[in-house]
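A.B. asks: curious how this folds, go ahead:
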Amino acid sequence: FDDFPIVLEAWRTCLQDEFDLDNLRRVLDELEQGRIAVREVTTSSPSPFASHMGWKRTNELMYEDDAPLGAPSRLRADLIHEVARSSHLRPRLAPELIERFRRKLQRTWPGYAPRSAAELLDWVVERVAIPWPEWEELLAAIARDHALEGDALLAELGSKVVATRQASGALRFVCARESVPRLAAALGFDPQARAFVPPPFDRALATSAAALAPSRPVEASPDEDPAGDPLVELVGELLRFHGPIRPGALADALGLDSAREGEAIEALAEADRVVVDELTDGAVGPEVCDAENLERLLRIARAEARPAFEALPAASLPLFLAAWQGLASGGAGIDDLRGALDRLFGLAAPASLWETDLLPARLDPYHPAWLDALLAEGELGWFGCGEQRLAFAIADDRALVMPPPAVDEKVPGAAPAPGAGDEAEGDDDGAAAVSTVQVGTPRAEDTAPESDELVLARLFPAGGGRFSFDELLARARIGSAELSRAVWRLVWRGAVSNDGFAAVRRGLESGFKAAEASPGPAAGRRSRRLGFERWKGTRPFAGNWFRLAATEPDGDALDREEDNRARARLVLDRYGVVFRELLERELPCLRWGPLFRTLRLMELSGEVVAGRFFDGVAGLQFASHAAVRTMRDGLAEDRVWWLNAADPASPCGLALGGGPAELPRRLPTSHLVFHGTRVVVVSERRGKALTVHAGPEHPRLPEYLGFLKVMLTRQARPMRAIVVETINGAAAASSPYRALLDAAFHTTRDGSTLRLTRRY
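C.D. replies: Model (predicted):
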């Protein structure tokens, strides 16, 4: 709203208070008239008007991290704190980053060097003690940045700074004269017996103790504990000006016994002021680092890992997901099927969609025999995860995505899916009901049905083994229909599976319902045989059934974190980019809530990137580096593909701001066709209602309607016919699109509808 009060006030603040456009106009007029002139000068120090701005900017550059200007970082401080102090969570730091950070801390980075002798003295006082190699590096930085010679600076400083010698005569470190008593108390030496020399640091004799007396009283820092160990405080102070360094480095610089240094570092570590661990990438031994500096390094590494990226419009998200998951990629082989399943591992989808929509949308053509071959290899398996829902995974990784619950409990996230031939329009949200099965002939006094847990123990011994349905029938001593129902209930609870997919295909044909035995016709043998085949088709005879191994609870915190990292990699491999709404489709352990903290940790380690990759998505987004490269390389805008509305790549139900309009509900009976970022066809109720966003003469319209051919010609449960009732809201029989349908299909008119069948 243009006249919204907050908007008006924001403009007034910017244009009048901050930019001061009236005075700017006056100055520009005077410049144009020649009444005032502009001169450019370079000074060694900022003017009084700019001095506070210069220091503020220096401070920003020196301690720059990922915090946005004017606002706190969105990364929780406690998360950084935990990462910095947890070896298993903390990423290794690049040596180049540490070296750049050290040079900025010690003011030897270009532009950071002190500008004058007075500024140098203040810096020496703050550093307390500067090892001789670092002192020489500092003087070289001053000469580089400000063309000031070291001899001239030292002459101006006089005896305000001193250096100490080693027994060999080599200079050890430089300090301010006023810091000598503090160093003496911390290092435990007598100032009168220690050789301190003033500039130019080449005199053979030490100055007297009187000359070393501080020029002004040394006041204790308010943060220092007066009762604390002076050596501990000194070591802690010196570590503030370093990144990770090896233990013993300070002892060498100060002429200190390494054992005493080790005791000081141990005391600092117990106080949580330093971290001791292998911190640098490629380190082969422990290092010590100031804890705040380590947190700062982690923030800088995170900020540098975040790529400069301009967010894509929300309409590009379906195109990216299609490219990432290989829709319309033209794959047609068992290796392509293996790649498609890699992206879909752990996806809980209706069993009826896997071979009719999900896999055919990624492979052209798709042959069920390829899936049978992969399952026969033994590594790939499927498991139930809700009423008539199943997922694929490598056997060892099944516990990551769906730890099997107790069989008499509700399955978290379970949702009923429409059965075979179900035309009902309904959400597949809800939970699977707990059920039991009657085993054997109940006694009059014991009519309680036997629980699924007891059925599982009766059918599948704890020692394992695979059993055909006939063998299970012999063990159960119940009717085949009752056994069939019990087996499927155990399947949907994630307790039992099969080594093939043929049993699922047969179950889909019967709606996973076993027909009760009924007297057959009294005619001849042929009729009895046909009746047997129909009866057998309702029983899961195909393949061998086995009990899925019970998974142990996650171990300690480290094991749980490693499992969550594996889950995060799984969803990133599926989507490339993840955000809250996208993961709400997943199983409970793969959703945003359980994985958000882990994704943050992976971002800190540089494994994933956080940012805004697509507009219209509320909240934070995470992406893999491969996904960022894919988005940077550009998306194929001319790609045409189709998918089911319940496909993991489908935008239906995401409510993206600025995303594709007029999307159908997220139902397995709806389909979409995209051309680039545009929705060109929407099919609802398995083709009964078509919405075509292209004219009847569009040259690619036959390609847009190709998904209807797939529905009629696919090898897994092809539709016998597609009854089209309306096209763009009008009767299909009189639609201008009918000529195109007549050319592509065998069409039959039935009143106002068109019946499409396969053209041979």
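A.B. asks: for Ala10, give its distance to Gln16.
C.D. replies: Ala10 sits 11 Å away from Gln16, going by CB to CB, to the nearest Å. C-betas here are computed from N, CA, C, even on glycine.
A.B. asks: correction: Phe622
C.D. replies: 41 Å.
A.B. asks: okay, the two: which has more neighbours?
C.D. replies: Set side by side, Phe622 and Gln16 show more neighbours around Phe622, with 26 against 11, by other CB atoms under 10 Å.
A.B. asks: tell me the strands beside the helix or strand harbouring the more buried one, with direction?
C.D. replies: Per DSSP states H and E: Phe622 is located in strand 621-624. Sheet pairing for strand 621-624, assigned by DSSP bridges, gives strand 577-578 (antiparallel), strand 608-611 (antiparallel).
A.B. asks: all the strands of the stretch 151-300 of the chain, residue numbers only.
C.D. replies: 161-165, 171-176, 196-197, 274-277, 287-290 (DSSP state E, counting those that start in this stretch).
A.B. asks: cool, the stretch 651-760 of the chain as well?
C.D. replies: Counting by DSSP E, counting those that start in this stretch, one finds strands in the stretch 651-760 of the chain at the ranges 671-675, 678-684, 689-692, 722-724, 726-727, 730-731, 746-750, 753-757.
A.B. asks: deepest in the core, which of those is it.
C.D. replies: strand 671-675 (a mean of 24; mean count of other CB atoms under 10 Å).
A.B. asks: which elements pack onto that strand?
C.D. replies: Judged by 3 or more CB pairs under 8 Å, 6 or more residues apart in numbering; DSSP states H and E, the packing partners of strand 671-675 are helix 317-325, strand 640-644, strand 678-684.
A.B. asks: so for Ala743, which of those sits nearest?
C.D. replies: Nearest to Ala743 among the helices and strands packed on strand 671-675 is strand 678-684; the distance by CB to CB comes to 16.6 Å.
A.B. asks: strands paired with that closest one, and their directions?
C.D. replies: Strand pairing for strand 678-684, using DSSP bridges, gives strand 671-675 (antiparallel), strand 689-692 (antiparallel).
A.B. asks: which stretch among the ones you listed comes nearest Asn564?
C.D. replies: Of all the strands paired with strand 678-684, strand 671-675 comes closest under CB to CB, at 32.8 Å.
A.B. asks: average pLDDT for the closest one?
C.D. replies: What strand 671-675 shows for mean pLDDT is 95.
A.B. asks: contacts for that strand, please.
C.D. replies: 318-319, 322, 357, 638-645, 650, 652, 660, 663-664, 679-683, 687, 700, 704-705, 707 (CB atoms under 8 Å, 6 or more residues apart in numbering).
A.B. asks: give me the angle between that strand and helix 317-325.
C.D. replies: 90 degrees (axes from the mean of the first three to the mean of the last three CA atoms, to 10 degrees).
A.B. asks: just the angle for strand 671-675 relative to strand 640-644, thanks.
C.D. replies: Going by the same axes, to 10 degrees, strand 671-675 makes 160 degrees with strand 640-644.
A.B. asks: isn't Gly500 right up against Asp372?
C.D. replies: Yes. Here Gly500 reaches Asp372: they are 6.2 Å apart, a contact under CB atoms under 8 Å.
A.B. asks: let me have the strands of the stretch 151-300 of the chain in CSV, adding mean neighbour count as columns.
C.D. replies: Listed next are these as CSV, based on neighbours: other CB atoms under 10 Å:
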stretch, mean neighbour count
strand 161-165, 23
strand 171-176, 21
strand 196-197, 20
strand 274-277, 20
strand 287-290, 23
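A.B. asks: of all those strands, which one is nearest Arg755?
C.D. replies: Closest among the strands of the stretch 151-300 of the chain, using CB to CB: strand 274-277, at 71.6 Å.
A.B. asks: what about Pro365, neighbour count?
C.D. replies: Pro365 sits with 11 neighbouring residues when counted by other CB under 10 Å.
A.B. asks: which non-adjacent residue is nearest it?
C.D. replies: Distances taken as CB to CB, 6 or more residues apart in numbering place Ala332 nearest to Pro365, at 6.2 Å, with adjacent residues excluded.
A.B. asks: kindly report the same for Leu148.
C.D. replies: Nearest to Leu148 is Ile142, by CB to CB, 6+ apart, at 5.3 Å.
A.B. asks: could you do Ala269 as well?
C.D. replies: Val276 (5.4 Å).
A.B. asks: so who does that neighbour touch?
C.D. replies: Neighbours of Val276 in contact, by CB under 8 Å, 6+ apart: 247, 265, 269, 286-288.
A.B. asks: one step back: how near is the residue nearest to Pro365 to Leu93?
C.D. replies: Plainly put, Ala332 is 47 Å away from Leu93 if you go by CB to CB.
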